[in-house]
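**Q** need a structure here:
(one chain, ligands or ions: 1)
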Amino acid sequence: MSATELAEVAKAMVAPGRGVLAADESNATITKRFAALDIESSEENRRAYRDTLLSSPGIEDYISGVILYDETIRQSSADGTPFPKMLQAKGILPGIKVDTGSKPLALDNDEQVTEGLDGLRERITDYVALGAKFAKWRAVIIIDEAKGFPSDYAIRCNAHALARYGALCQEGGLVPIIEPEVLMDGTNDIDTCFDVSLKTHQRVFLELAAQRVDFTGMILKPNMVISGKGGRTQAGAQEVADRTLELLYRTVPAAVPGIAFLSGGQSAAVATEHLDLMNKQGPHPWQLTFSYGRALQDDALKAWKGAPANVAEAQKVASHRAKLTSAAATGSYSRDMECRMWH
Ligand code: 13P
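**A** Have a look, this model is predicted:
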């Protein structure tokens, strides 16, 4: 793919009112989500669940791309159509998670670095042949004030790996989603999240530039600037929107076509409201949209519960959630839309 083609794919991923569905949970992660609802994590159940989500009627009006997992990109819909083909037929871009997860950082005490660079060039070739147009790599940055986390060491290692992945993707014809996730699990306040996210973005963009990544052919997938879950004070929605915008304006080049947020453990309604408030202050130099996992899927998974009889209801729930999240991507969401009936 040429630089122009990469930029076109990146733009399509963040087209106004559309965003990305992250359905790329590793088998270990989806097994945890299934277990919470007593659903058996067999290969067929994982396939059936993804089939339910991806074939939700009308979802293509709101979803520009779907991130798949290695197992899922090789699976098919009930009628035998491979998932990447089925998505493309609906005008949805297939994507692929290419990192192999976060592991303990060497000579460190409990921080993490994301692995998956070995053999990545060859895996990218395989994924392109399977129909992938973009990829995702998630770096995890942990805030723990008592332990002095994150260390500069952890930020630098993760930023370096993100840039190596980004360059390999662009060389091989995939648009990289660059995801530096500052976790919201700490007891910190919003100021600490801002400071850590600022440092992280600065280092990530330094590495991306040093490793020749073309900003026009990538998407940034950041956390929002938010209070830690266990923090004594919890910032309100307007403050989250304002501090997140401040972070982006200070660190993200205007050449990046779009920023697609992760939800990171926020409830669906809260993640939607935060995105909406940011877009109500637009236009911005980049499209601001979503690349949510849990905030798009949680209600649909609960409705499905692993039973074929629940497929139609789960699809209604999934489409409705995608519609509200899409409204937030244009700043036209309001809380009362949460309780209205499905259409
Ligand atoms: P959440 O929106 O559930 O945080 O997932 C997004 C994602 O893809 C994390 O890598």
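**Q** C-alpha from now on. contacts and neighbour counts both.
**A** Fine.
**Q** and the stretch 51-200 of the chain, which residues reach the ligand?
**A** R138 (Cα under 6 Å from any ligand atom).
**Q** Now the stretch 51-200 of the chain against the ligand: closest residue?
**A** Ranked by Cα to the nearest ligand atom, the top residue of the stretch 51-200 of the chain for proximity to the ligand is R138, at 5.5 Å.
**Q** what separates that residue from G119, distance-wise?
**A** Going from R138 to G119 by Cα to Cα, to the nearest Å gives 17 Å.
**Q** Those two: who's more crowded?
**A** Set R138 next to G119 and count neighbours by other Cα atoms under 10 Å: R138 wins out with 24 against 8.
**Q** tell me the pLDDT at the more buried one?
**A** In the prediction, the pLDDT value recorded for R138 is 98.
**Q** Which strand or helix spans it?
**A** When secondary structure is defined by DSSP states H and E, R138 falls within strand 134-141.
**Q** what does V113 give?
**A** Using DSSP H and E, V113 maps to strand 112-114.
**Q** tell me the pLDDT at the residue nearest to the residue of the stretch 51-200 of the chain closest to the ligand when sequence neighbours are not counted?
**A** Sequence neighbours aside, E179 is the residue nearest to R138 in space, at 4.7 Å (criterion: Cα to Cα, 6 or more residues apart in numbering). In the predicted model, E179 carries a pLDDT score of 99.
**Q** change the start of the numbering to 22 and stick with it
**A** Sure thing, new numbering starts at 22, so read that last one as E200.
**Q** what are the phi and psi angles of E200?
**A** As for E200, its main-chain torsions (degrees, to the nearest 10) stand at phi -120, psi 90.
**Q** who are the neighbours in contact with it?
**A** If you count contacts by Cα atoms under 8 Å, 6 or more residues apart in numbering, E200 has them with 157-160, 183, 241-243.
**Q** For the residue nearest to the spatial centre of the chain, give me its contacts.
**A** For the chain, the residue sitting closest to the mean C-alpha position, by Cα atoms, centre = their mean, is S312 at 3.8 Å. Applying Cα under 8 Å, 6+ apart to S312 gives the contacts 40-43, 242, 281-284.
**Q** Now it: which helix or strand?
**A** Take DSSP H and E as the rule and S312 turns out to sit in strand 308-313.
**Q** and the stretch 222-364 of the chain, which residues reach the ligand?
**A** Residues of the stretch 222-364 of the chain that fall close to the ligand, judged by Cα under 6 Å from any ligand atom: 283-286, 313-316.
**Q** So what are the sheet partners of the strand holding S312 and their directions?
**A** strand 40-43 (parallel), strand 279-282 (parallel) (DSSP bridges).
**Q** Return the most buried member of those.
**A** When the strands paired with strand 308-313 are scored by mean count of other Cα atoms under 10 Å, the highest mean neighbour count falls to strand 40-43 (a mean of 28).
**Q** After it, which helix or strand is next?
**A** Where DSSP H and E defines the elements, the next helix or strand beyond strand 40-43 is helix 48-56.
**Q** any residues touching that next one, and which ones?
**A** The list of residues contacting helix 48-56 from outside it, by Cα under 8 Å, 6+ apart, reads 61-62, 67.
**Q** Compute the number of surrounding residues for P105.
**A** What P105 shows, counting by other Cα under 10 Å, is a neighbour count of 24.
**Q** Thanks again, I'm all set now.
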